[in-house]
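In: Here you go, sequence then predicted model.
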Amino acid sequence: MSFPWAKHYQPTSEFGKYMDSRLPLPRFIYGALGAGYPTPKNLNYFYNFGVLAGVALVIQIITGVVLGMHYAANTGIAFDSVEHIMRDVNSGWMIRYMHAVGASFFFAVVYVHIFRGLYYGSYKPPREVLWLLGLVIFLLMMATAFMGYVLVWGQMSFWGATVITNLFSAVPIVGEAIHTWLLGGFAPDNATLNRFFSLHYLLPFIIFGVIILHVWALHIPGSNNPTGVDVKGPQDTVPFHPYYTAKDFFGLGVYLTLFSVFVFFLPNALGEVDNYVPANPLSTPTHIVPEWYLLPFYAILKAFTTDFLLVKAKLWGVIAMLAAIVLLFFLPWLDTSPVRSNRYRPLNRIFFWIFVADCLVLGYCGGQLAVEPWVRIGQLAAAYYFAHFLIIIPLIARFEKTLPLPNSISESVLAKYGKPPASGSAGTLGGTAPQPAE
Amino acid sequence: MIRLGALGVGLLFVITLLWGVIQPREAVAPDPVKALHKHPQEIEWTTNGVFGKFDRKQMQRGFQVYKEICSACHSIHRVAFRDLAALGFSAPEIKAIAAGYDIATIDDKTGEPTTRKGLPADKFPLIYPNEIAARAAQNGALPPDLSLITKAREDGPNYVHSLITGYADAPANWKVPDGLYYNPYFRSLNVAMPPPLAADDQITYVDGTKATKDQMARDVATFLTWTAEPKLEARKETGVAAIAFLLILTALGYLSYRKVWADVKRKPAAV
């Protein structure tokens, strides 16, 4: 399961030995997150985001469980109970803002995590299953976040739920039946709110379960690294503890500081003002938008404006939005380039950054009203999204001339730090030049 | 095979989207509302910034504006009388304020509906029992509850201030329906609310402050900032402490990280 040079757990105390022969939990932790897990020594800060995503989920679960103690999933009082939390529950405002901002931060962290995986080719063999499990987590997150947003039962909750559940009615023949079955009625109402609460409470624990599989799948081949080159020997790795526990602790500090800035000073900056108006089925908001993290997919949904090939525009949008996520599951087999990291893929690297820009454009278009020029720009951006994964990536993999790979991780690290210092070149390392002793 | 299929699917989506791109668009007349709509004026509120605080005196004046003017039509149903302690009112003062309101209850002998005097634990009562009653009394318009208004509108406090001071004569090319008033800060430009602040000194402030229209608007906007976010001060104070703590912790974390990695990072230099 690990590299042959991994250190093995040695219980030191009598109690440690006793437990090790009965429930070897310390041995398990030691091998998974401790000194017994050799990790490439060249991981950069982008590799902090996996741990951060895990912490973000734990924050959501803890704050969510407390909110659940005070929240009432009933259309008559749901909005009031949220305001009760904000006004009368001790520190309720903090718990709720942490949960609301936490959802945004969870997605932000996961997006960085995904793009890091795309850049360094972490989805390529032998980590395909790891990638697939990550996408399952992403899908579950989107469902959970959507249902959580509905629970507030503000205007945007209600109308967001109306728009999104309406998508199912685009399915030919059985669409209406599925729509009614999912909602428990013809429009979002108490039955909908109740099942959304139930599922919103359930799904995070399923996410937690899939994360365990995700981390398990990670530990079989071990982490990828910025060179994308396989670990060749002990000189390429450091034990996870204390090296990466220390680095992750620092990263966590930065994350929590930024998180606090939003929770305490900009708690509503990422939300919609309309959701402070109680849900009113008789009054449609002028502009219905999802939370920012779903906007790129919303833009793809909206990009299909004309019926084409006997398929209605709405159904095209629904299929495309679904396909935009499903195609990611095929990525390991679409990108057949043997080189993982974009450091050594000059052409693919350009298209990677075009894709990043494309996602930002899609996100922006998703938040705009359906007016020109945003509709056309959204359509072009959506076209690029599909072209990128389904046409460009397979072609690049075939024709790209990649750069020579380093022989090993440690060779690439040595190259980065410069050759061993010859006389006079020590100063290039900055600050490491020895000071004259007194 | 997968890549061939992907190529087909990709081309299908791309062609469909490009087909949509080349469709002619209907000419859209520029929206006249957009041209006339104004963004709220930016005000320097005492609650702004990292160390923002409520001005107790200003909140009390704002409460007076609300009580004497806004409360003719608008409720603040999410606020309890006891919450007014945050404005600097004493317990007997709060009791007296609460007692000035009638709260619906039932007669404890007969069970018939009746009213009693308000208690500090009660919330401010609704002005109208329901939406239909409100619309019937207000010529079809619904005066929103103001408890959350500064969070329920973009740029909340600035919006409230600009809206209630921003009534103007409609430009010649803009038709205002009967019973509505022109206000460039309102989303549709035609607002059902009559100008609430008619003139300076419309009310007499208890603390002697001159009640100009602008002053009244600022005071009531501050009061409504508080009704929407009563924990604002606790939030900012906690935030300052939390971030100070986290910055120190992060700095220590960074130093530990450097120390732990020192041997690995220095190796190339030592070779």
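Out: It's in. Everything numeric here is computed off the predicted structure, so don't read it as measured data.

In: The closest residue to B:R56 other than its chain neighbours: how many residues sit nearby?
Out: Nearest residue to B:R56 in three dimensions, chain neighbours excluded: B:G88, at 4.0 Å (C-beta to C-beta, 6 or more residues apart in numbering or on different chains). The C-beta positions use only the backbone N, C-alpha and C, and glycine is treated the same way. Around B:G88 there are 13 other residues, counting by other C-beta atoms under 10 Å in any protein chain shown.

In: Quick one: name the residues of the stretch 101-250 of chain A near chain B.
Out: A:238, A:242-243, A:246-247, A:249-250 (C-beta under 8 Å from any C-beta of the partner chain).

In: and with 10 Å instead?
Out: A:154-155, A:235, A:238, A:241-250 (C-beta under 10 Å from any C-beta of the partner chain).

In: dump the residue contacts of the closest residue to chain A within the stretch 101-250 of chain B.
Out: Taking C-beta to the nearest C-beta as the measure, the stretch 101-250 of chain B has B:G239 as its residue closest to chain A, at 2.5 Å. Residues counted as contacts of B:G239 (C-beta atoms under 10 Å, 6 or more residues apart in numbering or on different chains) are A:94, A:260-267, B:50-51.

In: Can I get the residues you listed in a markdown table including pLDDT, secondary structure and distance to B:K175?
Out: A markdown table is the format used below for the contacts of B:G239 (pLDDT from 0 to 100; DSSP: H, G, I helix; E, B strand; the rest coil; distance: C-beta to C-beta, whole Å):
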| residue | pLDDT | secondary structure | distance to B:K175 |
| --- | --- | --- | --- |
| A:M94 | 97 | helix | 49 |
| A:S260 | 97 | helix | 50 |
| A:V261 | 97 | helix | 47 |
| A:F262 | 97 | helix | 44 |
| A:V263 | 96 | helix | 47 |
| A:F264 | 96 | helix | 47 |
| A:F265 | 96 | helix | 44 |
| A:L266 | 95 | coil | 40 |
| A:P267 | 95 | coil | 41 |
| B:V50 | 92 | coil | 46 |
| B:F51 | 93 | coil | 47 |
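
In: which stretches of the stretch 101-250 of chain A form helices?
Out: Counting by DSSP state H, counting those that start in this stretch, the stretch 101-250 of chain A has helices at residues A:128-151, A:155-166, A:175-183, A:190-219, A:245-265.

In: Next one: B:L163 from A:Q379, what distance?
Out: To A:Q379, B:L163 is 37 Å away according to C-beta to C-beta, to the nearest Å.

In: Confirm for me that the residue nearest to B:R56 is in contact with B:D207.
Out: No: under the criterion of C-beta atoms under 10 Å, B:G88 makes no contact with B:D207, lying 11.2 Å away.

In: Overlap of the contact sets of those two?
Out: B:57, B:60.

In: Surely A:I206 and A:L57 touch.
Out: No: look at A:I206 against A:L57 with C-beta under 10 Å: they stay out of range, at 11.3 Å.

In: between the two, which one's more packed in?
Out: In this view A:I206 and A:L57 are compared by other C-beta under 10 Å, and A:L57 has more residues nearby, 21 against 15.

In: Report the contact partners of B:T46.
Out: B:52-55, B:58-59, B:218, B:222, B:225.

In: Let me know the secondary structure of it.
Out: coil (DSSP: H, G, I helix; E, B strand; the rest coil).

In: which stretches of the chain form strands?
Out: Since no chain was named, I'll use chain A. Secondary structure of chain A (DSSP state E): strands at A:38-40, A:237-239.

In: Chain B, not that one
Out: B:102-106, B:113-117, B:181-182, B:190-191.

In: Distance to chain A and mean pLDDT added to those, as TSV?
Out: TSV is the format used below for these (distance: least, C-beta to the nearest C-beta, whole Å; pLDDT from 0 to 100):
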stretch	distance to chain A	mean pLDDT
strand B:102-106	17	93
strand B:113-117	20	93
strand B:181-182	19	93
strand B:190-191	15	92
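
In: could those be laid out in JSON lines, adding mean neighbour count?
Out: Formatted as JSON lines, the strands of chain B follow (neighbours: other C-beta atoms under 10 Å in any protein chain shown):
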{"stretch": "strand B:102-106", "mean neighbour count": "12"}
{"stretch": "strand B:113-117", "mean neighbour count": "12"}
{"stretch": "strand B:181-182", "mean neighbour count": "17"}
{"stretch": "strand B:190-191", "mean neighbour count": "18"}
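
In: List the residues that contact A:L390.
Out: Shown in contact with A:L390 (C-beta under 10 Å, 6+ apart): A:323, A:327, A:330, A:334, B:3, B:5-14.

In: where does the stretch 301-438 of chain A dip in pLDDT?
Out: A:417-438 (pLDDT under 70).

In: Kindly recompute the last result at 90.
Out: A:304-314, A:368-373, A:398, A:400, A:404, A:406-438 (pLDDT under 90).

In: Pick out the residue of it closest to chain B.
Out: For the stretch 301-438 of chain A, C-beta to the nearest C-beta, closest residue to chain B: A:L390, 2.7 Å.

In: rewinding a little: closest one to A:V215 among the strands of chain A?
Out: Minimum separation from A:V215 across the strands of chain A (C-beta to C-beta) falls at strand A:38-40, 12.9 Å.

In: Other residues contacting the closest one?
Out: A:2-7, A:47, A:222-227, A:229-231, A:233-234, A:236-241, A:243-244, A:247, A:409-410, A:413.

In: quick one, helices of the stretch 151-271 of chain B?
Out: B:156-165, B:213-228, B:232-270.

In: Can you add distance to A:L135 and give those helices back as TSV?
Out: Below are the helices of the stretch 151-271 of chain B laid out as TSV (distance: least, C-beta to C-beta, whole Å):
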stretch	distance to A:L135
helix B:156-165	39
helix B:213-228	40
helix B:232-270	31
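
In: quick check: domain ranges of chain A?
Out: A:43-281, A:289-402 (automatic domain parsing).

In: My guess is A:Y344 contacts A:Y119. True?
Out: No: assessed by C-beta under 10 Å, A:Y344 is found out of contact with A:Y119, at 11.8 Å.

In: Pull up the overlap in contacts between those two.
Out: Common neighbours of A:Y344 and A:Y119 (C-beta under 10 Å, 6+ apart) are A:G228.

In: picking up where we left off before, next one: the residue nearest to B:R56, what pLDDT does it get?
Out: Each residue has a pLDDT score; the one for B:G88 is 92.

In: coming back round to it: which of the contacts of B:T46 come close to chain A?
Out: Near chain A, judged by C-beta under 10 Å from any C-beta, the entries from the contacts of B:T46 are B:G52.

In: Quick one, which of the contacts of B:T46 are buried?
Out: B:54-55, B:58-59, B:218, B:222, B:225 (16 or more other C-beta atoms under 10 Å in any protein chain shown).

In: Greatest separation within the residues you listed: which pair is it?
Out: It's B:F54 and B:R218 that sit farthest apart of these, by C-beta to C-beta, at 12.7 Å.

In: Give me the common contacts of those two.
Out: B:45-46, B:62.

In: Show the pLDDT at B:G208.
Out: 89.

In: Over to A:G31?
Out: 89.

In: same deal with the one 5 residues further on?
Out: pLDDT recorded at A:G36 is 90.
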